[in-house]
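Chemist: Got a sequence here, can you build the structure:
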Amino acid sequence: MAVINRIAGMAEEMAGWRHHLHMHPELGLECHQTAAFVVERLKAFGVDQIETGIATSGVVAVINGQGEGPTIGMRADMDALPMQEATGADWASTVPGRMHACGHDGHTTMLLGAAKYLAETRNFSGRAVLIFQPAEETIGGGRIMVEEGMMDRFGIEQVYALHTDPFAEAGQFRTNPGAIMASVDDFSITLRGVGGHAAYPDRCRDPMPGVFALGQALQSIVSRDTNPLQALVLSLTQVHGGTAFNIIPEEVTISGTIRALNPDMRARAETRLREITAGICAAHALQAEIDFQNGYPPTVNHAAQAMLAAEVAQDVSGNVVSDLTPEMGAEDFSYMLEARPGAFLFLGQGVGPSVHHPEFDFNDEIAPIGASFFATLIERLCPKG
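Modeler: Residues are numbered from 1 along each chain as shown. The predicted model follows:
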């Protein structure tokens, strides 16, 4: 088996959908125009049920197969990024400061392509549930959809997702049977002392030396508190403080992220961050305020579902890496995989500009491959009769 002929014949139509979505990017939970476009297509396809307004602008649709069988969820994210596009494409963003720089326009297109095929053929039993999700890039629309009861409401038993990959050759699927992406937690630590004139540091309690010491000490969480064979990343990304050359500031803030594949390691890193901060403050006679924001958990594939998804991908493209080294980016599909068994896969679009880069653009040539994966997955998991 390869790309489904009917879906291959939809390639030009799918590219048209994708270009429209790319030209009209929306952010966060407010993906209302995108959702309306999706609903319009789904109605034209003749799907059996469409529910809107989940997680503000999310859409869930159901296609019934022929007879009783499993209920399988397939997810695509819809939101864009607050970036200025620099692709120069004829279908470039028409909204200043917004662009689809992570391929979500392509993800939505691939799931729409699968939906059209499945609604036409119905060559499966059970139910295919199509999940169009907002806010992957921001507050976790996947989490909100799960918290609003989506899994139980639609009886979803397993759930799957694809993400375009600009670091792999076009058509290559990549996945693994365990942790595939990391958790992400954000932190800001404000050290407070006593400000004053830079000529008289002895009359102040300068927070700057404390910040420098803290920045160095936090790196010991990775180098000395973590098993060298385990993955943990702590990145300091911001430092804010001071207003003039001759003023010692009252306070300085240092910020960053922590990413881990293991929940225990994730918790340990937060504990050590708080302990180290307390120690630095004691050494420098400062006070600290820590704002620690738990973000997405690790994205962990279920072994059986990942193996089956890899087999389907092999049938569709003949090019699969099933033992992918985990990546340290984060994904809110993790919440869906915490709620139900399933798998997350990358689909190569050819090596080019990275996601979140102003020159990134989804490769329309892989859309039929992704749509065929979703459609074949349903027919494999829910065989007719």
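
Chemist: Quick check: buried residues in the helix or strand that contains Ala36?
Modeler: Secondary structure from DSSP states H and E places Ala36 in helix 32-45. Neighbour-count burial for helix 32-45, counted by 16 or more other C-beta atoms under 10 Å, picks out 34-35, 37-39, 41-42, 45. All C-beta spots, glycine's among them, are computed from the backbone N, C-alpha and C.

Chemist: do stretch 283-293 as well
Modeler: 284, 286, 288.

Chemist: how about the second one, what does it touch?
Modeler: Spelled out, that is Leu286. Each residue near Leu286 by C-beta atoms under 8 Å, 6 or more residues apart in numbering is listed here: 191-193, 205, 207, 210, 280.

Chemist: The spatially most central residue of the chain in helix, strand or coil?
Modeler: Most central in the chain under C-alpha atoms, centre = their mean is Glu331, positioned 3.0 Å from the mean C-alpha point. Following DSSP: H, G, I helix; E, B strand; the rest coil, Glu331 is assigned to coil.

Chemist: Can you pull the domain assignment for the chain?
Modeler: If you go by automatic domain parsing, the domain ranges for the chain are 5-181+298-381, 185-294.

Chemist: Present the ones you listed as TSV; the columns should include mean pLDDT.
Modeler: Shown next, in TSV, are the domains of the chain (pLDDT from 0 to 100):
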stretch	mean pLDDT
domain 5-181+298-381	98
domain 185-294	97
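
Chemist: Deepest in the core, which of those domains is it.
Modeler: Mean neighbours per residue, mean count of other C-beta atoms under 10 Å, is largest over the domains of the chain for domain 5-181+298-381, with a mean of 21.

Chemist: what about that one, distance to the chain center?
Modeler: 11 Å (C-alpha atoms, centre = their mean, to the nearest Å).

Chemist: First residue to last residue on that domain, what's the distance there?
Modeler: Taking C-alpha to C-alpha, to the nearest Å, domain 5-181+298-381 runs 20 Å from one end to the other.

Chemist: Surely Glu365 touches Glu169?
Modeler: No - applying C-beta atoms under 8 Å, one finds Glu365 not in contact with Glu169, separated by 11.7 Å.

Chemist: who's in contact with Ser354?
Modeler: By C-beta under 8 Å, 6+ apart, the neighbours of Ser354 are 166-167, 360.

Chemist: Actually, Ala161.
Modeler: Per C-beta under 8 Å, 6+ apart, neighbours of Ala161: 74-76, 107, 333, 336, 342, 344-345.

Chemist: SS state for it?
Modeler: Per three-state DSSP, Ala161 ends up strand.

Chemist: Specify the beta-bridge partners of it.
Modeler: Arg75, Phe344 (DSSP bridges).

Chemist: Distance of it relative to Ala135?
Modeler: Plainly put, Ala161 is 15 Å away from Ala135 if you go by C-beta to C-beta, to the nearest Å.

Chemist: before we move on, what about Gly65?
Modeler: 30 Å.

Chemist: what about Trp17, which SS state?
Modeler: Secondary structure state of Trp17, per three-state DSSP, is helix.

Chemist: got a list of what it touches?
Modeler: So Trp17 contacts 37, 41, 108-109, 112 (C-beta under 8 Å, 6+ apart).

Chemist: likewise Ile189?
Modeler: 214, 253-255, 273, 277, 288-291.

Chemist: Need the contact partners of the helix holding Ala36.
Modeler: 17, 20-21, 24, 26, 50, 52, 57-59, 61, 78-79, 108, 112, 115-116, 119-120, 130, 132, 134.

Chemist: try it again with 6 Å
Modeler: Residues outside helix 32-45 that contact it (C-beta atoms under 6 Å, 6 or more residues apart in numbering): 24, 26, 50, 57, 59, 61, 78, 112, 115-116, 119, 132.

Chemist: Make a markdown table out of those and add distance to Asp323 and secondary structure.
Modeler: Formatted as a markdown table, those follow (distance: C-beta to C-beta, whole Å; DSSP: H, G, I helix; E, B strand; the rest coil):
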| residue | distance to Asp323 | secondary structure |
| --- | --- | --- |
| His24 | 39 | coil |
| Glu26 | 36 | coil |
| Ile50 | 38 | strand |
| Ser57 | 37 | coil |
| Val59 | 34 | strand |
| Ala61 | 34 | strand |
| Met78 | 31 | coil |
| Leu112 | 31 | helix |
| Ala115 | 31 | helix |
| Lys116 | 33 | helix |
| Ala119 | 35 | helix |
| Phe132 | 30 | strand |
